[in-house]
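> here are the coordinates; sequence isn't available:
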DNA sequence: CCTTTTTGTAACTAAAATGGTTACTAAATT
DNA sequence: AATTTAGTAACCATTTTAGTTACAAAAAGG
């Protein structure tokens, strides 16, 4: 979907904050759960902070916490916060404008990609952090 | 959506073949429309050939042509041919299995990504090469 | 006031992905 | 035989990505 792991790690981060239930959680603790470097976590939290999804508190007893209740945070919110520009693989796609096909294909492909992206985002909008948290607390992954 | 331009260029290639209406089109001609190197085109056509979406013919009057009618080729066919493994940004995502969250989050995220991917692919399945070709032949891009 | 803890960021590195290019072989046409 | 083209391997430059080091700023608590 995205190629990088920013979105997946961000979901993990926020799921962890939901799991810790409002406590101020330092980046080092989150990094322990994700198995990565604390700076990687703080970099993503910097984006999530700008999107107002989390609060940050400096100092000895500081750390990060959710800015809203888990039911009010959707995976689309997270996706948009850390995956800003969907350039849709059109990064190096600059067809020949002198060719009848090349002149029009970019606009056409843009339209198709836009719809596909919208469809995917609609699916992400359907899932809240509360739903993720609930799955986390289910006793057995196979249980209904 | 994908990060790279393989899918976009592949759609362009097949749209061009549809536009050329069954003729054997050499990679150099397609490269002229896409504005890239013929080898880039042939590399993608190699994947499209394996997926049986095109025919190839060597020699002086050779080139590539569509293997099926444009109505029978969907953008999902193309997507699957050139974008084989949707590893969903989980490439370097290996959370800590000792942590209650880390142990379960990967499976949960996998489920979400699978649904989002399916939703996007359903949208691609809806669009055929014939529809792209029709858009190419519309007189004005804004015309209904 | 001083020490400790933590956020916030810049800077650097290694690895991987990506697209372009050269070069060469095989096959088909004339 | 000469020409044209597919097919593919190999290589290079650029960009992206994640990890790391380093350090300033801020907050807490004695």
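Noted; the coordinates are in hand. Everything quoted here is computed from the prediction, not taken from an experiment. Numbers count the residues shown, from 1 in each chain, chains lettered A, B, ... in the order given.
> how much space separates residue A:83 from residue A:14?
Separation of residue A:83 from residue A:14 (C-beta to C-beta, to the nearest Å): 14 Å. For glycine as for every other residue, the C-beta is placed from the backbone atoms N, C-alpha and C.
> who has more neighbours, these two?
Per other C-beta atoms under 10 Å in any protein chain shown, whichever of residue A:83 and residue A:14 has more neighbours is residue A:14, with 27 against 17.
> strands of chain A, start to end?
In chain A, the strands defined using DSSP state E lie at A:54-57, A:63-66.
> out of the ones you listed, which comes closest to chain B?
Across those, chain B has its closest neighbour in strand A:63-66 (14.0 Å, C-beta to the nearest C-beta).
> quick one: the closest one near DNA strand C?
Yes - judged by C-beta under 7 Å from any atom of the strand, strand A:63-66 and DNA strand C are in contact via A:63, A:64.
> what residues does chain A have near DNA strand C?
Residues of chain A that fall close to DNA strand C, judged by C-beta under 7 Å from any atom of the strand: A:3, A:25-28, A:38-39, A:42-43, A:45-46, A:49, A:56-60, A:62-64, A:89, A:91-92.
> out of those residues, which end up buried?
Buried by 16 or more other C-beta atoms under 10 Å in any protein chain shown: A:3, A:25, A:26, A:27, A:38, A:42, A:45, A:49, A:56, A:63, A:64, A:89, out of those.
> please see if the longest helix belonging to chain A touches chain B.
Ranked by number of residues, the top helix in chain A under DSSP state H is helix A:100-125. Yes - part of helix A:100-125 sits near chain B under the criterion C-beta under 8 Å from any C-beta of the partner chain, namely A:100-102, A:104-105, A:107-109, A:112-113, A:115-117, A:119-120, A:122-124.
> now a PyMOL select for only the buried ones of those.
Here is the PyMOL command that selects the buried residues among those (16+ other C-beta under 10 Å):
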select buried, chain A and resi 101+102+104+105+108+109+112+113+116+119+120+123+124
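> how about residue A:93, phi and psi?
phi -100, psi 100 (degrees, to the nearest 10).
> and the angle for the longest helix of chain A with helix B:100-125?
Orientation check (axes from the mean of the first three to the mean of the last three C-alpha atoms, to 10 degrees): helix A:100-125 against helix B:100-125 gives 140 degrees.
> ranges for the helices of chain A?
Applying DSSP H to chain A gives helices spanning A:6-19, A:27-34, A:38-50, A:75-82, A:100-125, A:129-137.
> sketch out the low-pLDDT regions of chain A for me.
A:1, A:87-89, A:140-144 (pLDDT under 70).
> if we can go back for a sec, tabulate the strands of chain A (TSV), appending distance to residue B:71.
Below are the strands of chain A laid out as TSV (distance: least, C-beta to C-beta, whole Å):
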stretch	distance to residue B:71
strand A:54-57	49
strand A:63-66	50
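> separation between the residue sitting furthest away from the middle of chain A and residue B:31?
Distance from the centre of chain A peaks at residue A:98, with 39.6 Å (C-alpha atoms, centre = their mean). Distance from residue A:98 to residue B:31, counting by C-beta to C-beta: 13 Å.
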